[in-house]
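1. sequence? don't have it. structure:
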């Protein structure tokens, strides 16, 4: 039910349905403007090349549980995103940028709609629209929303699960349907990035139940978490090998890392500085909701409390980890956006506040469009280096049937994917096992560590290309015994 600025229930206006429709159309249009041009104009970057290789292996070789990248099992992350990419590639006939980015794009829209839905239960459609717009224009979402990475999918699923739980508990009882829906969303999140992000939901829902003395919600929460973790646990057991233990500990930032006290304090200070930057300006607006909450009625105060319990306790645990990066706090983004919208709405009567809110959305949208259309020149290189370097290598190799291998593990997967040939990796220590004839891709950093006999065997490079940030990539032609 909607509420007035102080949180008291009110009757729906007859035109509320039409207002909701226009607000949702506006939110979808903002999403399309921010992220569809970005998805269309950017070549593969970040870890997208690795995901594309994994999806290609699934389609070609059927390695659904442990997709391979350059001939080695890729187990650093659960395989749901490669599954989604493979499905889109099978439908479209191509593992291209749209196949790689389809799921994260849909997840970005879903998290904005979730923020809209949570805010709409306690405020009008235009406040809810602002909550959705704040979600989409959060700097960390602008960076990741059109990229084939796991962060947006996890953020959307974990927050949607919390929204379902919050709505059910607010209606008096967390019923079976809500439990199953939340468990399914958590299962998707877990199969995307592992169990750690589920802590936002677990701690938020658990602390809310304790705060409200809803003791019956606690066993239901345990059931939801257990069901949500079943698919992830089944996958982990199916692919488990003792050697993967260290890899998974490292990926979940659980591996022991030595840090001095001063280094730890400096690192956490840098973390919080970056976190503040990627939440601006909406993090500041969220503080307005905390300042005004004491004047609001019980329903809206409960919402503020619930969002704080979702975002802050586990977010603080993540922040204290020596290896944490700001993106690990991304599941808190929609909660901060809803708080920001409520804080701004409470001061909407002040003209400067209205101007600031509209200006924030407009400026952040303009910056995103400038970055995706090449008006910010230094960003353009990030989106073009992969095809440029990979296609140059492919042109030099031509129709030569000799296999292509990568020597070492430092090459950019986005460059390798655009070579368009099957590629396997050989560690530098096994340089003597390089097949001949073959094409060898490596870097000067790797060749500098090779013994003279190995560099003599490689000979001079056939081609030198530039990867990300000007990194040099070398192509060698290793001749056979007869050539």
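-> The structure has been received and is ready for your questions. None of these values were measured; they are calculated from a predicted model.

2. residue contacts, the closest residue in space to residue 450 that isn't next to it in sequence?
-> Setting aside the residues directly before and after it, residue 450 is nearest to residue 431 in space (CB to CB, 6 or more residues apart in numbering), at 5.9 Å. For every residue, glycine as well, the C-beta is placed using N, CA and C. For residue 431, the contact set (CB atoms under 8 Å, 6 or more residues apart in numbering) comprises 407, 450, 454.

3. at 10 Å instead, please
-> Neighbouring residues of residue 431 by CB atoms under 10 Å, 6 or more residues apart in numbering: 407-408, 440, 442, 446-447, 449-451, 453-455, 457-458.

4. Pull out the buried residues from these.
-> Taking 16 or more other CB atoms under 10 Å as the criterion, what is buried in the contacts of residue 431 is 407, 408, 440, 442, 446, 447, 450, 457, 458.

5. Quickly find the element holding the spatially closest residue to the last one that is not a sequence neighbour.
-> Nearest residue to residue 458, sequence neighbours excluded (CB to CB, 6+ apart): residue 476, at 4.6 Å. When elements are defined using DSSP states H and E, residue 476 is found to belong to strand 472-478.

6. Next, name the residue at the spatial heart of this structure.
-> residue 151 (1.6 Å; CA atoms, centre = their mean).

7. What pLDDT is listed against it?
-> The model reports residue 151 with a pLDDT of 92.

8. For the helix or strand residue 141 falls within, which outside residues touch it?
-> Residue 141 belongs to helix 139-144 when assigned by DSSP H and E. Here helix 139-144 makes contact (CB under 10 Å, 6+ apart) with 34-35, 38, 46, 104, 107-108, 111-112, 134-136, 138, 149-152, 155, 274-275, 277-282, 326-327, 329-330, 332-334, 337, 364-365, 367-368, 371-372.

9. Contact partners for residue 90?
-> 55, 58, 59, 99 are the contacts of residue 90 under CB under 10 Å, 6+ apart.

10. try it again with 8 Å
-> residue 59.

11. how about it, phi and psi?
-> phi -60, psi -40 (degrees, to the nearest 10).

12. picking that back up, just give me how far the helix holding residue 141 sits from the chain centre.
-> 9 Å (CA atoms, centre = their mean, to the nearest Å).

13. Could you point out the helix or strand that follows it?
-> helix 151-170.

14. So which bits of that following helix are buried?
-> Neighbour count says helix 151-170 has 151-166, 168-170 buried, by 16+ other CB under 10 Å.

15. Please enumerate the helices of the stretch 151-300 of the chain.
-> All helices of the stretch 151-300 of the chain, identified by DSSP state H, counting those that start in this stretch, fall at 151-170, 176-193, 198-211, 217-239, 244-251, 261-279, 282-292, 298-320.

16. Would you point to the one among the ones you listed that's packed deepest?
-> The highest mean neighbour count among the helices of the stretch 151-300 of the chain, using mean count of other CB atoms under 10 Å, belongs to helix 151-170: a mean of 26.

17. now for it, which elements pack on it?
-> The helices and strands touching helix 151-170, judged by 3 or more CB pairs under 8 Å, 6 or more residues apart in numbering; DSSP states H and E, are helix 97-120, helix 139-144, helix 176-193, helix 198-211, helix 217-239, helix 298-320, helix 333-346.

18. 6 Å instead?
-> helix 97-120, helix 176-193, helix 198-211 (3 or more CB pairs under 6 Å, 6 or more residues apart in numbering; DSSP states H and E).

19. The second one versus helix 198-211: what angle between them?
-> Spelled out, it's helix 176-193. Relative orientation of helix 176-193 versus helix 198-211 (axes from the mean of the first three to the mean of the last three CA atoms, to 10 degrees): 150 degrees.

20. Which elements pack onto helix 176-193?
-> helix 80-92, helix 151-170, helix 217-239.

21. With the longest one instead?
-> Under the contact criterion of 3+ CB pairs under 6 Å, 6+ apart, helix 97-120 touches helix 16-41, helix 80-92, helix 125-136, helix 151-170, helix 333-346.

22. pLDDT for the contacts of residue 431 - can I get that in TSV?
-> TSV is the format used below for the contacts of residue 431 (pLDDT from 0 to 100):
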residue	pLDDT
407	87
408	80
440	91
442	90
446	88
447	87
449	86
450	85
451	84
453	81
454	81
455	83
457	83
458	85
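
23. Out of those residues, which comes closest to residue 251?
-> If you rank the contacts of residue 431 by distance to residue 251 using CB to CB, residue 408 comes first, at 21.1 Å.

24. Can you give me the distance of the closest one to residue 447?
-> Noted for residue 408: a distance of 9 Å to residue 447, by CB to CB, to the nearest Å.

25. Any stretches of the stretch 151-300 of the chain with poor pLDDT?
-> 253-259 (pLDDT under 70).

26. what do you get if the cut-off is 80, keeping everything else the same?
-> Filtered on pLDDT under 80, the stretch 151-300 of the chain yields the residue ranges 172, 243, 245-261, 263-264, 293-298.

27. Also the stretch 301-450 of the chain?
-> If you take pLDDT under 80 as the line, the stretch 301-450 of the chain has these spans: 322-325, 348-349, 369-383, 409-411, 427-433.

28. can you give me the strands in it?
-> 404-407, 423-426, 438-442 (DSSP state E, counting those that start in this stretch).

29. list the contacts for residue 464?
-> By CB atoms under 6 Å, 6 or more residues apart in numbering, the residues touching residue 464 are residue 474.

30. In a strand, it, correct?
-> Yes - the assignment for residue 464 is a strand, going by DSSP: H, G, I helix; E, B strand; the rest coil.

31. Can you give me the separation between it and residue 446?
-> 14 Å.

32. again with residue 159
-> Distance from residue 159 to residue 446, by CB to CB: 42 Å.

33. my read: residue 385 touches residue 468, true?
-> Yes - at 5.4 Å, residue 385 counts as touching residue 468 under the criterion of CB atoms under 6 Å.

34. neighbour count winner among the two?
-> It is residue 385, of residue 385 and residue 468, that has more neighbours when counted by other CB atoms under 10 Å, with 23 against 16.

35. How about the contacts made by the more buried one?
-> 467, 468.

36. Likewise for the one 10 residues further on?
-> With contact taken as CB under 6 Å, 6+ apart, residue 395 is in contact with no other residue.

37. So which of the strands of the stretch 301-450 of the chain is nearest residue 393?
-> Per CB to CB, nearest to residue 393 of the strands of the stretch 301-450 of the chain: strand 438-442, 7.0 Å.

38. Buried residues of stretch 42-62, list them for me.
-> 42-59.
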